[in-house]
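Student: The following comprises the amino acid sequence and a computationally predicted model.
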Amino acid sequence: MKEVRVRFAPSPTGALHIGGVRTALYNFLLARKHKGTMILRIEDTDQTRFVPGAEEYIIDSLKWAGIEIDEGVGKGGPHAPYRQSERKAIYQKYAQQLVSEGKAYYAFDTEAELEAMRERLKAQGSSDQQYSSGTRMQMKNSLTLSEVEVAEKINSGVHYVIRLKVPTNEEIQLTDLIRGEVRVNSSQIDDKVLMKSDGMPTYHLANVVDDYLMKISHVIRGEEWLPSAPLHVLLYKFLRWEKEMPQFAHLPLLLKADGNGKLSKRDADKAGFPIFPLNWTDPKTNEFSTGFRENGYLPEALLNFLAFLGWNPGTEQEIFSMQELVDTFSIERIGKAGAKFDIHKAQWFNQQYLRAKTDQQLSAFLFESLKKENINCPEEKAIKVCAALKERVTFPQDFWEHGKFFFNAPTQFDHPLIAKKWNNDVVKFLSAYQEELKAQPTLNVESAKMLLDHTAQATGIASGKIMQMLRVVLTGGAAGPDLMQTMDIIGKDEAINRISFALENFNVKIP
RNA sequence: GGUCCGUUCGUCUAGGGGUUAGGACAUCAGAUUUUCAUUCUGGUAACACGGGUUCGAUUCCCGUACGGACUACCA
């Protein structure tokens, strides 16, 4: 097998879509598996759609996700430059070659003339309104104009494009690694523009030329490219690069979770989950979008989730480290059908990955939140808090969200619950418990529990009857981690303070 | 409209001419627990439809339906 060289080739027209991350991932996995090379190429041939910052965003996103680039933009390499806008002359050369060999031609039609053609064909009831073998002889191009006219036009600076002269009625066949044989009759393909009037190539030309020059072995891209793949095959043929033609693998699409259709930012917004890896503010519209990173998704969990959208190892293992993905991945096991994007599963992966970390690793997440809140905390306490909260957390920020009461006395209490459960027995029990706590030199999980049992005995009130109120008193809420553990973490003095506060303030409500 | 691609539980999917059609997420119920969560146990739930081929088809073939992509001097 020849050296595996794959490329991820986004265009810098905005934030990187999550589907793009998956495409990049599959490319990366194949490269790593075969000790090949992962290339990042920026396809910025459409100057009108260029968005400042998008390229950096793409690079940052891949870096965050752990998808490493071996060669390309931001990295350099033997085939530089890797930004297509900087390779204009190269495409120009091949386009000229095709023209001189009669495989492409100049076209001078204006937008209005193209529109008129489409309208005319439509009116005639023609099934397709393409600029193709059937219509090209009625248009203004170097096939219909004399050599002199063409030269005149070009010299006068009139805008023109170069179009591919697609042959009539020729069977074009390609083998897609995922879909098998795909056959298309060339009559279905229109005379695609290769060079635009601004001197830039279109995707089709640039893509084929670069893949050839950069010695790409596998083109792994989204299914939306399948219809134009035959055109690309034709280009390889016309350029006599058939032998070096890469293998194609067209990935199934990522679909929206409910209903049908391609996953879009709109759907994600509606369902309340991100679709971009990192936060992004569109410089043109100023529209802000949240990212997976800022929402608390761990990159390794997101990647694991993404890897399984369209691919599976055929075993029952679900949790895969990057290395395991590399070892197990194969194009043959990529499915054909589109996959709906279900954020629940992504959350489950996140939870799994979070739980697999040590309490100390987890404490780093808590410290991030504490820093924002300007709270100092010994590492020992942070670790204990994380241990207590570990099983009930999906995102890193949950440690703070679910554990605020470990650092600040609650200011809000579950009033309906208090109204229902606060009674004289509770007051009697908590008063006694408070006294026992005061008499105790140190408080830990064991002594808190021991004292609780002792208080129950002394007052004749079962501790089960007051536990929920004790929880509200200490944490403000009705649910949370083990109470004895909670008391151990907040400490003796704070526990006593919170009980006193409740005794003084909750008492009022008892008739 | 045309071309191309696709279709197994609600979702991600395994499987493949003869299976009790398997797993995971979600969901429901029970158990455990001082609450919630976790954990454990169990349950509901799928081969789009119609023809062939075959002793037998969810699996192979052909249609139909449905869905999707593409149909720009966008990628």
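Tutor: Received, thanks.

Student: which residues sit in contact with A:L121?
Tutor: Contacts for A:L121 (C-beta atoms under 8 Å, 6 or more residues apart in numbering) come out as A:D128, A:Q129, A:T135. Any C-beta I mention is one placed from the backbone N, CA and C, and that applies to glycine too.

Student: Pull out the buried residues from stretch A:415-430.
Tutor: Buried positions in stretch A:415-430, judged by neighbour count with 16 or more other C-beta atoms under 10 Å: A:I418, A:K421, A:W422, A:D425, A:V426, A:V427, A:F429, A:L430.

Student: show me where the stretch 151-300 of chain A has strands.
Tutor: With DSSP state E, counting those that start in this stretch, the ranges of strands along the stretch 151-300 of chain A come out as A:161-164, A:171-176, A:180-185, A:193-195, A:218-222, A:247-251, A:254-255, A:280-281, A:288-289.

Student: Any part of the fourth one near RNA strand B?
Tutor: Yes. Contact check for strand A:193-195 against RNA strand B, using C-beta under 7 Å from any atom of the strand: residues in range are A:V193.

Student: chain center to that strand, what's the gap?
Tutor: 32 Å (C-alpha atoms, centre = their mean, to the nearest Å).

Student: ditto for the second one
Tutor: Per C-alpha atoms, centre = their mean, the displacement of strand A:171-176 from the mean C-alpha position of its chain is 31 Å.

Student: Could I get the buried residue list for it?
Tutor: For strand A:171-176, by 16+ other C-beta under 10 Å, it's A:I172, A:L174, A:D176.

Student: coming back round to it: what's the ChimeraX syntax to select whichever of the contacts of A:L121 are buried?
Tutor: Those of these that count as buried under 16+ other C-beta under 10 Å are selected in ChimeraX with:
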select /A:129,135
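
Student: Pick out whichever of the contacts of A:L121 sits closest to RNA strand B.
Tutor: Using C-beta to the nearest atom of the strand, A:D128 comes nearest to RNA strand B of the contacts of A:L121, at 4.8 Å.

Student: tell me the secondary structure for the closest one?
Tutor: Using DSSP: H, G, I helix; E, B strand; the rest coil, the structure places A:D128 in coil.

Student: circling back to that earlier point, which of the buried residues of stretch A:415-430 lies closest to A:S500?
Tutor: For the buried residues of stretch A:415-430, the closest approach to A:S500 (C-beta to C-beta) belongs to A:L430, at 9.3 Å.

Student: Now A:E318: closest residue in space that isn't a chain neighbour?
Tutor: A:F308 (7.3 Å; C-beta to C-beta, 6 or more residues apart in numbering).

Student: quick one: pLDDT of that neighbour?
Tutor: Model confidence at A:F308, given as pLDDT, is 97.

Student: Over to the one 5 residues further on?
Tutor: In the predicted model, A:P313 carries a pLDDT score of 95.

Student: and the stretch 351-500 of chain A, which residues reach RNA strand B?
Tutor: Counting by C-beta under 7 Å from any atom of the strand, the stretch 351-500 of chain A comes close to RNA strand B at A:391-392, A:464, A:467-468, A:471, A:478-485.

Student: in the helix or strand containing A:G464, what counts as buried?
Tutor: Taking DSSP states H and E as the definition, one finds A:G464 inside helix A:463-475. By neighbour count with 16+ other C-beta under 10 Å, helix A:463-475 contains the buried residues A:S463, A:I466, A:Q468, A:M469, A:L470, A:R471, A:V472, A:V473, A:L474, A:T475.

Student: And stretch A:139-156, by the same measure?
Tutor: Across stretch A:139-156, burial judged by 16+ other C-beta under 10 Å covers A:M139, A:K140, A:N141, A:S142, A:L143, A:L145, A:V150, A:K153.

Student: hmm, it touching RNA strand B?
Tutor: No. If you take C-beta under 7 Å from any atom of the strand as the test, stretch A:139-156 misses RNA strand B, and the best it gets is 10.2 Å.

Student: quick one: terminal-to-terminal distance for that stretch?
Tutor: Distance between the two ends of stretch A:139-156: 19 Å, counting by C-alpha to C-alpha, to the nearest Å.

Student: which residues are contacting that stretch?
Tutor: So stretch A:139-156 is contacted by A:99, A:105-109, A:113, A:117, A:131, A:136-138, A:160, A:163, A:165 (C-beta under 8 Å, 6+ apart).

Student: quick one: low-confidence parts of chain A?
Tutor: A:1, A:259, A:507-511 (pLDDT under 70).

Student: Break it down into its domains, please.
Tutor: Domain ranges of chain A: A:5-73+A:208-253, A:88-206, A:268-355, A:357-396, A:409-509, per automatic domain parsing.

Student: distance of A:N424 from RNA strand B?
Tutor: Using C-beta to the nearest atom of the strand, to the nearest Å, A:N424 is found at 20 Å from RNA strand B.

Student: and the residue lying farthest from the centre of chain A, what does it touch?
Tutor: Within chain A, the residue lying farthest from the chain centre (C-alpha atoms, centre = their mean) is A:A458, at 59.0 Å. A:A458 sits next to A:A432 when contact means C-beta under 8 Å, 6+ apart.
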